[in-house]
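> fold the following and give me the result.
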Amino acid sequence: VGAWGYFIPWMGVEKAKAHWRYLVARYGAWPVVWCVAGEANLPYYLAKGFPYDDRAQVKSWTEVTRYLREMDPFHRLVTIHPTGIGRLSARNATDDISLLDIDMLQTPHGQREAVPPTVRTVRESYADKPVMPVINGEPCYEMLMDKIPAEWPRAMFWICLLNGAAGHTYGANGIWQCNRRDQPHGASPHGGNYGKIAWDEAMHLAGSRQIALGKKLLERYPWHSFTPHPEWVAFTSEASVSLDGCQWIWFPEGNPAKDAPAEKRFFRKTFALPEGKVIARARLFVSADDWFTARLNGERLGSEGDWRTGKQFDDFARLLKPGANVLAIIAENKPATVPANPAGLIACLEVRFADGETLRLMSDATWRSAKTETAGWDAAGFDDSAWSKAAAIARYGDGPWDKIGGNTELDGPHAAGIPGTVRIIWVPRSEPIVVRNLGSRAAWAVAHFDPVSGERKELGEVRADDAGLWRGEPPAGNDHDWVLILEAKRQAATPPSRKT
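Below is the predicted model of the structure:
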């Protein structure tokens, strides 16, 4: 990387050219890739109106890039690093796209909210002209702001590679800042601080190993010949359960919609199902700021730690019974480095009967809540009369949470591979999927891959139905993302009949 983008107004174009002439003379004989500038279109932190897409800087760096292409006798590959404003692509950080060999991206640093813009950016650049390799040079960094866990850098790896990227970048807070335990980098000039985790702790963060495991899996195949195929796979579940009419609730303590203790709270709602009614379908959607585990009649359904998306549960009608039932939820408000830390829980249970009637159970002030767990509290027969009524703290769409959920095609699953040969499918949630376009009655060897542990489990041969579809189930006991591998089984050619 030659320099930060905002250096160009200080240096001027001619000094920047001289600087690059030195870099080529010093390093050009090595098999390097030139990144002309980092954050090329971002002005200095204290510039008036910061941040914005600085087109004057882009014009200057375009001139420097052209000089580099003309002057470099080694003809090394060239790219430029864009900032996270406007189009998140190197194509937006130059006025002459023909000067680039690689389209470098910078997608948002975040968690669930970073997924849709990352998918859109990779797909847009992969499909653009002129065609060039796409590499996400700055996806979300692990532990940025001391809070992004490994699951999101891991997700960005699979999202980018299976949507056409030619490579990937892993970043960890603490390393890029060179934070020392006794001397962190500190605030940027504008006052923002990206976190204090030290470099020697960041070296051992889980995300780097998990991405390496994914890389090792892909290298077993001709991954450079893979093409993205979003049409190959979809979740089997229907659209998300509507939360209209539901309320955010919490244990009655102060104003939880603004601030609440960073602790667990326990919630339950009893309901009765009529005798003799056949259940056609049951669905549940739950979200909690920050984390929850849901149980139905004492049986665990699952957990989720991102309140922005929540989680939908399907296919649990077997756990329901005529008479008394109970939905029990543990919700936890986790510590956060913010002045106020709100907490809330929202849920909706839908039970559809074979006769078309629907029972809809929504979170509201009729739920019961407690600060501590009591033996048997998740059973239908538990006496919760001593528990407090839950406080209804906001209607759905209000409060600090606004609208949530609403999973779209951008939320995955994501698939890539070589048609008729191999498919790699990353599934972001532990839910079943339907795999499409396999070929009528075609045979495939199937395996699960755990993107956290790297464990691979062969499942044997499966066969698509007449329409070329096959339903894939997540690994038993899995509570995170998973990868499905399908390898086409070559049919033995039928030998020609001998003439008699």
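> can you show me the helices along the stretch 51-200 of the chain?
Counting by DSSP state H, counting those that start in this stretch, the stretch 51-200 of the chain has helices at residues 55-71, 115-127, 151-161, 199-202.
> among the ones you listed, which is the most enclosed?
Mean neighbours per residue, mean count of other CB atoms under 10 Å, is largest over the helices of the stretch 51-200 of the chain for helix 151-161, with a mean of 25. Quick note: C-beta positions are derived from backbone N, CA and C, even for glycine.
> toward the C-terminus, what is the element adjacent to the helix or strand where Arg26 lies?
In this assignment (DSSP states H and E), Arg26 forms part of helix 13-27. Using DSSP H and E, the helix or strand that follows helix 13-27 in sequence is strand 33-35.
> in the helix holding Arg26, what counts as buried?
Using 16 or more other CB atoms under 10 Å as the test for burial, helix 13-27 gives 16-17, 20, 23-24.
> same question, stretch 212-232
213-214, 217-218, 221, 223, 226, 228-230, 232.
> got a list of contacts for that stretch?
Defining contact as CB atoms under 8 Å, 6 or more residues apart in numbering, one finds that stretch 212-232 is touched by 123, 126, 154, 157-158, 161-164, 166, 168, 409, 414-419, 422-425, 435-437, 449, 451, 453-454, 456, 483, 485.
> generate a ChimeraX selection restricted to the buried subset of the residues you listed.
Of the contacts of stretch 212-232, the buried ones can be selected in ChimeraX as follows, counting by 16+ other CB under 10 Å:
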select :123,126,154,157,158,161,162,163,164,166,168,414,415,416,417,418,422,423,424,425,435,436,437,449,451,483,485
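> I'd like the distance between the nearest residue to Glu201 once chain neighbours are set aside and Val134.
Excluding its sequence neighbours, the residue lying closest to Glu201 (CB to CB, 6 or more residues apart in numbering) is Gly174, at 6.4 Å. The gap separating Gly174 from Val134 is 27 Å, by CB to CB, to the nearest Å.
> do Gly191 as well
Note on Gly191: its distance to Val134, by CB to CB, is 34 Å.
> next, count neighbours for Thr107.
24 (other CB atoms under 10 Å).
> let's have the chain start at 8 instead
OK, 8 is where the count begins now, so the last one is Thr114.
> what is the lowest-mean-pLDDT helix or strand in the chain packed up against?
One helix or strand of the chain scores below all others by mean pLDDT, DSSP states H and E: strand 318-321, with a mean of 83. Judged by 3 or more CB pairs under 8 Å, 6 or more residues apart in numbering; DSSP states H and E, strand 318-321 is in contact with strand 286-296, strand 306-311.
> can you redo the ones you listed as TSV with mean pLDDT and distance to Ile353?
Formatted as TSV, these follow (pLDDT from 0 to 100; distance: least, CB to CB, whole Å):
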stretch	mean pLDDT	distance to Ile353
strand 286-296	92	5
strand 306-311	90	12
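> comparing the ones you listed, which comes out most buried?
Of those, strand 286-296 is the most buried (mean count of other CB under 10 Å), at a mean of 22.
> that strand: what's the following helix or strand?
Sequence order places strand 298-303 as the next helix or strand after strand 286-296, per DSSP H and E.
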